[in-house]
Structures are given as C-alpha cells and as structure tokens.
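1. Got a predicted structure here, sequence first:
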Amino acid sequence: MGQNMKKGLWLGMLGLGLLLTAVACGGGSEAKQPQAPAAAGPVQEVKLAMGDFFYNPNDITVNAGRIRFLLSNVGKTAHRFSITGEGVNTSTNNVGAGRETTFELDLAPGVYKVGCTLGDHEKRGSVGKLTVN
Ligand SMILES: [Cu+2]
C-alpha cells in the first residue's frame, strides 16, 4: 500500500465522518425547542404577604414576561391571590392562614388588579395594583 493510497483512504473516512456529523447536527437542531418560544428573560419573582386585610406590597410593577409570585399568608384567615384585567382572570386556590404558595404565569403589558376574592376581603383591603411594563 503506497503512502498516497493510505492518505486517500484516511481523507475518505474523514469526509464520511464530517458528513455523518453534519446529518446528526441537522436532525438535532430540528428536534430542539418544539414548543413556541416562551417569554424571553429570567423569571421575575415578587414576594407578597397576604394579611387581614392587606396585600404587601399593594402596588407592584414588573416587566412583561414570566412572573412568579411568592405568596405567604401572614393572616389568621384564608386568603387568595387573584389577577384580573387585560383579558386575564385567574386565581390561586385558598391559601390557609400561615401557609405559603407560589403562583407563576406570563403577563403582557397592562394594568391589572390583584386581590383576594374570598368574601369581602378586597373591600377590607386585601387588594392591590399590578403594572406590567
Ligand atoms: Cu382574603
């Protein structure tokens, strides 16, 4: 076997390897991220205490995108955390006295109302404003 033949064989194998790599990569990138891209950027966390009868803070400003509310009920009765406005109408379940929960969702720019929809808690002060920029 001459030196040129060995070199040719080696180059042929290298070429095949590159081809296989290219095919594998092409398939891989197609399989990635099948779902629609979620809101870009990190999840924003907002800590909020729900009391008898207040939300603290009660005037919240965040950027549009994924928001995670870290809720703690510091009161002596159950409370909820609801968000309404801009076509959104959603709420946690009841959060018992002394309990904590998280509530995560995507929000578009706008002004929303947050509040406890249990009984007359909003009227008594468990309410707030959420501005999404
Ligand atoms: Cu409440």
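-> Noted; the coordinates are in hand. This structure is a prediction, so every number in the text was calculated from the model and none was measured.
2. Flag the shaky bits of this protein, pLDDT-wise.
-> Screening the chain residue by residue with the criterion pLDDT under 70, one finds the ranges 1-40.
3. Please enumerate the strands of it.
-> 44-51, 54-56, 59-62, 65-73, 82-85, 88-91, 100-107, 110-115, 127-132 (DSSP state E).
4. Report the separation between the two terminal residues of stretch 112-128.
-> With Cα to Cα, to the nearest Å as the measure, the ends of stretch 112-128 fall 9 Å from one another.
5. Need the contact partners of it.
-> Taking Cβ atoms under 8 Å, 6 or more residues apart in numbering as the criterion, the residues outside stretch 112-128 that touch it are 48, 50-55, 57-60, 78-86, 88, 91, 94, 129-132. The way it works is simple: take the backbone N, C-alpha and C, and place the C-beta from them, glycine included.
6. Could I have the buried ones of those residues as ChimeraX selection syntax?
-> Selecting in ChimeraX just the buried members of those, where the criterion is 16 or more other Cβ atoms under 10 Å, is done with this command:
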select :48,50,51,52,53,54,55,60,78,79,80,81,82,83,88,91,129,130,132
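7. Of the contacts of stretch 112-128, which are in range of the ion?
-> With Cβ under 5 Å from the ion as the criterion, the contacts of stretch 112-128 include His79 near the ion.
8. Against Asn63, how distant is Val127?
-> In this structure, Val127 lies at 22 Å from Asn63, with Cβ to Cβ, to the nearest Å as the measure.
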